[in-house]
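Asker: have a look at this prediction, sequence included:
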Amino acid sequence: MKESKTKETIKAAAKNLFFKKGNIHATTQDIADEAGVNRALIHYYFSSREQLFEVILNDAYQNITKRLHKAISSDSSFEEKIENFVSSYIDEAIEFPFMESFIASEFNRYTEVHFSLISNATTNSAMEGFFRELLIEMKKGTIPSMPPEQFLINITSMCSFPLITRPLIQRTFNMDDKAYLEFIKNRKVEILKMIFK
């Protein structure tokens with residue numbers, strides 16, 4: 001029980017450094033200090049910093065996948081499903097502001113481990129059901145007609161782009177941290193307005 005708790009403490013510390021503080025170059029000593037443990041314990045639970053990196057990436061991607069599937073698999077109306085997805089996506093981004101950049105940079109490394117995460121997630125029957133629902137809504141005129149994959153990419157891009165490009169947005173529009181946070185919260189409404197205009 002204690003071993004499991006220590007391992008989770010280390011993972012939480014790494015996640016805090018990578019996702020909350022944006023320190024993707026954190027060393028094992030940085031992670032040990034954040035977790036309040038001896039650095040040797042990190043090597044005990046994880047064979048290397050790279051392996052810990054992979055575990056954190058896997059957890060992050062699986063969390064995103066669960067969030068998507070929770071939204072699209074519910075008994076809510078189509079509009080409520082989209083609203084729930086957008087809201088949860090942005091709420092988590094507010095809590096972990098550097099997670100999007102972390103995931104994007106890691107998947108650009110093109111490792112087999114990374115792409116195995118995608119193959120495991122995209123074969124889910126929930127996604128197939130959601131795509132069928134999308135086509136029905138498109139025929140009804142609820143949303144513009146397009147390939148379901150395009151719709152999914154559009155909605156995730158509208159959520160993620162302002163998160164990945166935060167420094168650029170803040171500098172371009174002269175936003176301090178408080179103004180940016182308000183801007184991101186307002187994205188929930190603006191995205192839905194664009195989808196269901």
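Answerer: Received the coordinates, thanks. Residues are numbered from 1 along each chain as shown.
Asker: quick one, grab the pLDDT at the residue nearest the centre of the chain.
Answerer: Nearest residue to the geometric centre of the chain (Cα atoms, centre = their mean): Ile64, 4.8 Å. For Ile64, the pLDDT comes out at 76.
Asker: and the gap between it and Ser76?
Answerer: 19 Å (Cβ to Cβ, to the nearest Å). Using the backbone N, CA and C atoms, a C-beta is placed for each residue, glycine as well.
Asker: go on, Lys140?
Answerer: Distance from Lys140 to Ser76, by Cβ to Cβ: 17 Å.
Asker: quick one: which of the two has more around it?
Answerer: With neighbours defined as other Cβ atoms under 10 Å, Lys140 and Ser76 compare such that Ser76 has more, 13 against 9.
Asker: in stretch 17-29, which residues are buried?
Answerer: Of all the residues in stretch 17-29, those buried under the rule 16 or more other Cβ atoms under 10 Å are 17-19, 22-23, 26, 28.
Asker: what of stretch 176-183?
Answerer: 180, 183.
Asker: contact partners of that stretch?
Answerer: The contact list for stretch 176-183 (Cβ atoms under 8 Å, 6 or more residues apart in numbering) reads 94, 162, 166, 169-170, 173, 175.
Asker: which of the residues you listed are buried?
Answerer: Buried, going by 16+ other Cβ under 10 Å: 162, 166, 169, out of those.
Asker: what about those, which are in strands?
Answerer: Of these, none are assigned to strands by DSSP state E.
Asker: pipe these into JSON lines and attach distance to Pro147 per row.
Answerer: What follows is the buried ones among the contacts of stretch 176-183, written out as JSON lines (distance: Cβ to Cβ, whole Å):
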{"residue": "Pro162", "distance to Pro147": "24"}
{"residue": "Arg166", "distance to Pro147": "30"}
{"residue": "Ile169", "distance to Pro147": "29"}
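Asker: nearest to Glu34, of those residues?
Answerer: Nearest to Glu34 out of the buried ones among the contacts of stretch 176-183 is Arg166 (Cβ to Cβ; 22.1 Å).
Asker: gap between that closest one and Glu100?
Answerer: With Cβ to Cβ as the criterion, Arg166 and Glu100 are 9 Å apart.
Asker: for Lys11, same thing?
Answerer: 19 Å.
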